[in-house]
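J.: output the structure for:
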Amino acid sequence: MASEKWLFWFEELNEKHNDIVGKKCANLGQMIQLGMPVPPGFAISLETYRKFLNETGTAKEMSEYVTSLGKLKGAGIGMFDEVSARIQSMIIDKEMPLEVRTEIVNYYEQLCEKLGMKDAAVSVRSAGTESRPGMFETYLNVMGTDDLLEKVKKVWASAYTARAVAFRVNKNLPVIGDEMGIAVPKMVNSRSSGVSFTVDPVTGDASKIILEANWGLGEGIVSGRITPDHYKIDRETCEIAFEYVPTKKIMFSRKVQPGEGRGGVETLTVPEDRANARVLTDEHLRQLVQLGNLIETHFGCPQDIEWARENH
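T.: The predicted structure follows:
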């Protein structure tokens, strides 16, 4: 599907846009059309990334550098670290071309206007045409145009972490690869967040939906620094087959202070009244099971779904 547009609002997207904006962005568009509660935002296309590389001369620079390296198969981690640092710096150190910068800033400012706030907080997430969980970077609580443009370049550059380079070399894939789109949704001020699995990832049991939840942002679960609540719920009856509620000592939250150093994430102590409490009520569990069933039915295969509850 050809397109002259570089950026898109999520609600403009569907499955036909997978190769234009990446799978994550295309899926968000489909979920909006299903009536799902998806945060508003926009997608930066793969073509935007290509324009950045070509107009800054980075594509040529990267190609010449990789050609000069010769064969990397069997190289040690030190070599992959070196290649990663060199290629990432080629991307991050370049000035954003004016046309690309203007288009991204225009969409961000329109989003801020829709939300009724200046320098609205967003997250900046990679969106490749194929799923590579945990391979690329995500930046949370990004505020203001300068911060957004910098984080966009860093997400593009995360295609060349040492891990990503080693993965491609060991799979006999080109070192220069993984062109990606970027999702820029409104940052959810999460009271709680987590992940739903519509099939048990350990046992393969499709009769239960697995839910993991913690207080605050989902960074605690993704990073492995927090042991989350764990629930197994019958997908038909919504009855709880198993639950584990550990003591939760820390949580991750948005930094909200104004001025220099704003944005980003901070670690807080979980309030005493929530440390040993269930993160999700029975009603929350029921809603998440219903959403999981709906999303799996639409996409026709098991899903893992990131979710968050707004902190009002």
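J.: which phi and psi does residue 232 have?
T.: With angles defined as degrees, to the nearest 10, residue 232 shows backbone torsions of phi -110, psi 120.
J.: oh, that last question was meant for residue 58, not what I typed.
T.: Per degrees, to the nearest 10, the residue geometry at residue 58, taken as phi and psi, is phi -70, psi -40.
J.: so how far is residue 64 from it?
T.: 11 Å (C-beta to C-beta, to the nearest Å). From N, CA and C alone the C-beta is placed, and that goes for glycine too.
J.: tell me which residues touch residue 59, please.
T.: If a contact means C-beta atoms under 8 Å, 6 or more residues apart in numbering, then residue 59 has 50, 53 as its contacts.
J.: that one looks like it's in a strand, true?
T.: No: Residue 59 is assigned helix when assessed by DSSP: H, G, I helix; E, B strand; the rest coil, not a strand.
J.: going forward, count from 685.
T.: All right, first residue 685 from here; so that's residue 743.
J.: report pLDDT for it.
T.: Predicted confidence (pLDDT) at residue 743: the value is 95.
J.: so who does residue 904 touch?
T.: Taking C-beta under 8 Å, 6+ apart as the criterion, residue 904 is in contact with 898, 910, 912, 934, 935, 936.
J.: kindly recompute the last result at 7 Å.
T.: 898, 910, 935, 936 (C-beta atoms under 7 Å, 6 or more residues apart in numbering).
J.: Three-state assignment for it, please.
T.: Following three-state DSSP, we place residue 904 in the helix state.
J.: what's the closest non-adjacent residue to it?
T.: Leaving aside its chain neighbours, residue 904 sits nearest to residue 910 (3.4 Å; criterion: C-beta to C-beta, 6 or more residues apart in numbering).
J.: in which helix or strand would I find the one you found?
T.: Counting by DSSP states H and E, no helix or strand carries residue 910.
J.: what is the neighbour count of the residue nearest to residue 948 when sequence neighbours are not counted?
T.: Counting by C-beta to C-beta, 6+ apart, the nearest residue to residue 948 once its immediate chain neighbours are dropped is residue 939, at 5.0 Å. Other residues near residue 939 number 14, with proximity taken as other C-beta atoms under 10 Å.
J.: please apply the same query to residue 883.
T.: Neighbouring residues of residue 883 were enumerated by other C-beta under 10 Å; the total is 20.
J.: spit out the contact partners of the residue most central in space within the chain.
T.: For the chain, the residue nearest the mean C-alpha position is residue 809 (3.6 Å; C-alpha atoms, centre = their mean). Residues counted as contacts of residue 809 (C-beta under 7 Å, 6+ apart) are 708, 822, 866, 867.
J.: kindly recompute the last result at 6 Å.
T.: Applying C-beta atoms under 6 Å, 6 or more residues apart in numbering to residue 809 gives the contacts 822, 867.
J.: surely it is in a strand?
T.: Yes: when three-state DSSP is applied, residue 809 is found to be in a strand.
J.: and it, what are its bridge partners?
T.: Beta-bridge pairing of residue 809, defined through DSSP bridges, involves residue 822, residue 867.
J.: buried residues in the lowest-mean-pLDDT helix or strand in the chain?
T.: Across the helices and strands of the chain, mean confidence by mean pLDDT, DSSP states H and E is lowest for helix 903-907: a mean of 80. Applying a neighbour-count criterion of 16 or more other C-beta atoms under 10 Å, the buried positions in helix 903-907 are 903, 904, 905, 906.
J.: with distance to residue 984 as added columns, please give those in JSON lines.
T.: Written out in JSON lines, the entries for the buried residues of helix 903-907 read as follows (distance: C-beta to C-beta, whole Å):
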{"residue": "903", "distance to residue 984": "30"}
{"residue": "904", "distance to residue 984": "31"}
{"residue": "905", "distance to residue 984": "26"}
{"residue": "906", "distance to residue 984": "26"}
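J.: and the residues you listed, which is closest to residue 974?
T.: Sorting these by how near they are to residue 974, with C-beta to C-beta, puts residue 905 at the top with 21.3 Å.
J.: send me stretch 716-726 as PDB with only the CA atoms.
T.: Presented in PDB, the C-alpha positions along stretch 716-726 are these (Å, rounded to 0.1, in the frame of the first residue of the first chain):
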ATOM      1  CA  ILE A 716      -9.700   2.200  18.100                       C
ATOM      2  CA  GLN A 717     -12.100   1.100  15.300                       C
ATOM      3  CA  LEU A 718     -13.300  -1.700  17.600                       C
ATOM      4  CA  GLY A 719     -14.200   0.900  20.200                       C
ATOM      5  CA  MET A 720     -11.200   0.100  22.500                       C
ATOM      6  CA  PRO A 721     -10.000   2.700  25.000                       C
ATOM      7  CA  VAL A 722      -6.800   3.600  23.300                       C
ATOM      8  CA  PRO A 723      -4.900   6.800  24.200                       C
ATOM      9  CA  PRO A 724      -4.900   9.400  21.400                       C
ATOM     10  CA  GLY A 725      -1.700   9.800  19.500                       C
ATOM     11  CA  PHE A 726       0.000   9.500  16.100                       C
END
